[in-house]
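**Student:** Sequence below, structure please.
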Amino acid sequence: MRRAIDRLDAADGGRLSLDQIAAEMHLSPAHFQRVFTRFAGVSPKRYQQYLALGHARRLLTDRFTTLDTAAAVGLSGSSRLHDLFVTWEAMSPGDYARRGTGRTIHWGRFDSPFGGMLVMTTERGICGLAFTDETGEEAAFADLAARWPGATFIADPGAVAPVAARVLGPRGTAFRQPDGEEASDAGTGTQRQDAPLRLHVAGAPFQIKVWEALMRIPSGRVTTYGEIARAIGSPRAVRAVGTAVGRNPVSWLIPCHRALRKSGGLGGYHWGLPVKRVLLAQESAETGL
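**Tutor:** The predicted structure follows:
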């Protein structure tokens with residue numbers, strides 16, 4: 001399978017059909033499909049799409065047109081490129097190329113029971129939430145800001161404070177499931193105080209599925225990466241689930257801290273294992289579990 005992956009990584013790998021790559025590996029198409037999917041967690045076709053998407057991202061970042069980008073990654077036209085981005089990124093190639101350009105993000109630093117906390121908001125909702133004691137505030141800010149490289153960031157704790165207070169208050173865990181990039185235009189500033197907190201996050205459909213599964217885990221309970229993979233209908237994609245958990249842009253609200261290793265070990269946590277321990281301990285104490 002390592003040889004197959006190297007072949008798919010080659011310049012012409014994205015144009016190979018299942019029959020062609022299977023023949024080069026001296027396997028039947030059906031057997032190659034099963035073995036590759038078991039090894040990589042995704043089908044050969046999905047892996048090719050992922051590679052094409054990565055190449056397209058780089059070209060769009062370098063200001064190639066969508067038509068030139070489509071041709072460079074072996075797609076028949078810009079409409080196919082659009083479909084690829086909508087499938088994987090929940091946004092169009094144009095949205096990705098803009099990378100948040102024209103969007104204003106307000107942010108502030110606040111104290112929380114779990115240490116320093118950064119909160120970022122757009123007019124559509126909370127787009128970033130990080131704990132800073134383990135990673136450092138500068139690194140945490142850079143991590144969140146990198147998801148919106150074209151945006152304008154304004155330090156405005158006063159504007160963000162009402163949202164941060166709701167995150168930390170009794171209604172802080174009452175929120176919607178994550179919206180895609182084209183979510184409602186209603187701004188956080190006009191929300192009723194009893195309305196669910198609104199999230200503004202963008203991710204591939206697989207990531208969104210994982211984040212939605214995390215949000216179904218009750219406070220005080222935990223699960224494993226394997227159980228999440230089964231819950232979203234991809235039982236072999238445990239590693240991909242772990243990656244999606246780690247890409248969660250709004251810690252705590254999308255409770256990635258409730259995901260553990262199969263052995264019961266804490267596993268990783270983007271904002272530091274000490275924070276994960278405190279989050280789990282606090283929820284366990286609150287629920288009496």
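**Student:** which SSE is Gly264 in?
**Tutor:** In the assignment (DSSP states H and E), Gly264 maps to no helix and no strand.
**Student:** Neighbours of it, how many?
**Tutor:** Residues within reach of Gly264, counting by other CB atoms under 10 Å, total 9. From N, CA and C alone the C-beta is placed, and that goes for glycine too.
**Student:** For Leu280, see how far away it is.
**Tutor:** Per CB to CB, to the nearest Å, Gly264 is found 12 Å from Leu280.
**Student:** what's the answer for Phe131, then?
**Tutor:** Computed as CB to CB, the Phe131 to Leu280 distance reads 13 Å.
**Student:** Tell me where the model's unsure across the chain.
**Tutor:** Residue ranges of the chain with pLDDT under 70: 9, 11-14, 39-42, 48-101, 170-195, 204, 287-289.
**Student:** Which residue ranges make up each domain of it?
**Tutor:** Taking automatic domain parsing as the reference, the chain has its domains at 2-89, 102-162+186-201, 203-289.
**Student:** Quick check on Phe131 and Leu280: which one has the bigger neighbour count.
**Tutor:** Per other CB under 10 Å, whichever of Phe131 and Leu280 has more neighbours is Phe131, with 25 against 20.
**Student:** Which residues does the more buried one form beta bridges with?
**Tutor:** The partner list for Phe131 in beta bridges (DSSP bridges) reads Met117.
**Student:** For it, which residues are in contact?
**Tutor:** Applying CB atoms under 8 Å, 6 or more residues apart in numbering to Phe131 gives the contacts 112, 114-117, 140, 251-252, 271-272, 275.
**Student:** ok, now Pro249?
**Tutor:** By CB under 8 Å, 6+ apart, the residues touching Pro249 are 127-129, 144, 147, 201.
**Student:** Just want the phi and psi numbers for it.
**Tutor:** Per-residue torsions, Pro249: phi -90, psi -10 (degrees, to the nearest 10).
**Student:** try Asp19
**Tutor:** Backbone torsions of Asp19, given as degrees, to the nearest 10, read phi -60, psi -40.
**Student:** so what's it closest to, chain neighbours aside?
**Tutor:** Spatial nearest neighbour of Asp19, chain neighbours left out: Pro29 (5.3 Å); criterion: CB to CB, 6 or more residues apart in numbering.
**Student:** residues near that neighbour, how many?
**Tutor:** 15.
**Student:** Same check on Gln33?
**Tutor:** 17.
**Student:** try Lys262
**Tutor:** Neighbours of Lys262 under the rule other CB under 10 Å: 11.
**Student:** Please settle this for me: is it part of a helix?
**Tutor:** No - under the criterion used here (DSSP: H, G, I helix; E, B strand; the rest coil), Lys262 is coil, not part of a helix.
**Student:** Wait, it touches Tyr225, no?
**Tutor:** Yes - between Lys262 and Tyr225 there is a contact at 7.3 Å, judged by CB atoms under 8 Å.
**Student:** how about the strands in the stretch 101-250 of the chain?
**Tutor:** Remark: strands assigned in the stretch 101-250 of the chain by DSSP state E, counting those that start in this stretch are 104-112, 115-122, 125-131, 152-155, 223-224.
**Student:** Let's have these in TSV, adding distance to Ala237.
**Tutor:** Output for these, formatted as TSV (distance: least, CB to CB, whole Å):
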stretch	distance to Ala237
strand 104-112	31
strand 115-122	29
strand 125-131	26
strand 152-155	34
strand 223-224	13
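**Student:** between the ones you listed, which gets nearest to Ser43?
**Tutor:** Within those, the stretch nearest Ser43 is strand 223-224; the backing value is 23.4 Å (CB to CB).
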